[in-house]
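Asker: The sequence and its predicted three-dimensional model are supplied below.
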Amino acid sequence: RAFVSVLQLFIHPQLAKFRVGNGKNLNGFQEYLKKRLSNPAIFSKAVKKCDNRLYMCILLGGVYCAGTYYSEFYKTGNGNGLKGTVTNIGLELLNIGLWSYVLVYRQFYDNKTLYDTWNAWSSTAVEERLNIDD
């Protein structure tokens, strides 16, 4: 759980700069993603892998919530359980909700639409759409 959190802390701000910015002056991580995900076949495989991993994270998050709930409310009577974990359960349920939203969102949009959205902010697309050079 800690590893995933640290990984998310690193990746999410990097992606936000890439998606919100104009697509120029990318750092190494953003260049790598742009190069890899600009190919439609690789992008589709990445989406499929991501979807499968989200299902796994939802399942494991649910198991974590159930185990923590059990430890908090059923094992504390004999002194062996965890105490004060209700916040952790709530945060994990929030994660499960966000991951579920992503999967529901992907049911409405095909890979081509997701691909077009992801690649919409490449530097050439921005110049064409906003006429920066004119």
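Answerer: Noted; the coordinates are in hand.

Asker: okay, now Asn95: neighbour count?
Answerer: Neighbours of Asn95 under the rule other C-beta atoms under 10 Å: 19. For every residue, glycine as well, the C-beta is placed using N, CA and C.

Asker: ok, it to Lys49 distance?
Answerer: To Lys49, Asn95 is 19 Å away according to C-beta to C-beta, to the nearest Å.

Asker: ditto for Val102
Answerer: 13 Å.

Asker: Same question for Thr68.
Answerer: Taken as C-beta to C-beta, the span from Thr68 to Lys49 is 28 Å.

Asker: which one of these two has more residues nearby?
Answerer: Higher neighbour count among Thr68 and Lys49: Thr68, with 17 against 10, using other C-beta under 10 Å.

Asker: Could you report the pLDDT at the more buried one?
Answerer: Predicted confidence (pLDDT) for Thr68: 86.

Asker: which residues sit in contact with the nearest residue to it once chain neighbours are set aside?
Answerer: With C-beta to C-beta, 6 or more residues apart in numbering as the criterion, Thr68 has its nearest non-adjacent residue at 4.9 Å, and that residue is Thr85. Contact partners of Thr85, counting by C-beta atoms under 8 Å, 6 or more residues apart in numbering, are 68, 71-72.

Asker: Out of these, which sit inside strands?
Answerer: In strands, judged by DSSP state E, none of the contacts of Thr85 are found.

Asker: Relative to Val4, which of the residues you listed is nearest.
Answerer: Comparing those against Val4 with C-beta to C-beta places Thr68 closest, at 16.0 Å.

Asker: My read is that that closest one contacts Ile89, right?
Answerer: Yes: at 5.4 Å, Thr68 and Ile89 qualify as touching, with contact defined as C-beta atoms under 8 Å.

Asker: so what pLDDT did the residue nearest to Thr68 get?
Answerer: 82.

Asker: Which residues belonging to the helix or strand encompassing Lys45 are considered buried?
Answerer: According to DSSP states H and E, Lys45 maps onto helix 40-73. Buried positions in helix 40-73, judged by neighbour count with 16 or more other C-beta atoms under 10 Å: 43, 46-47, 54, 58, 61, 64-65, 68, 72.
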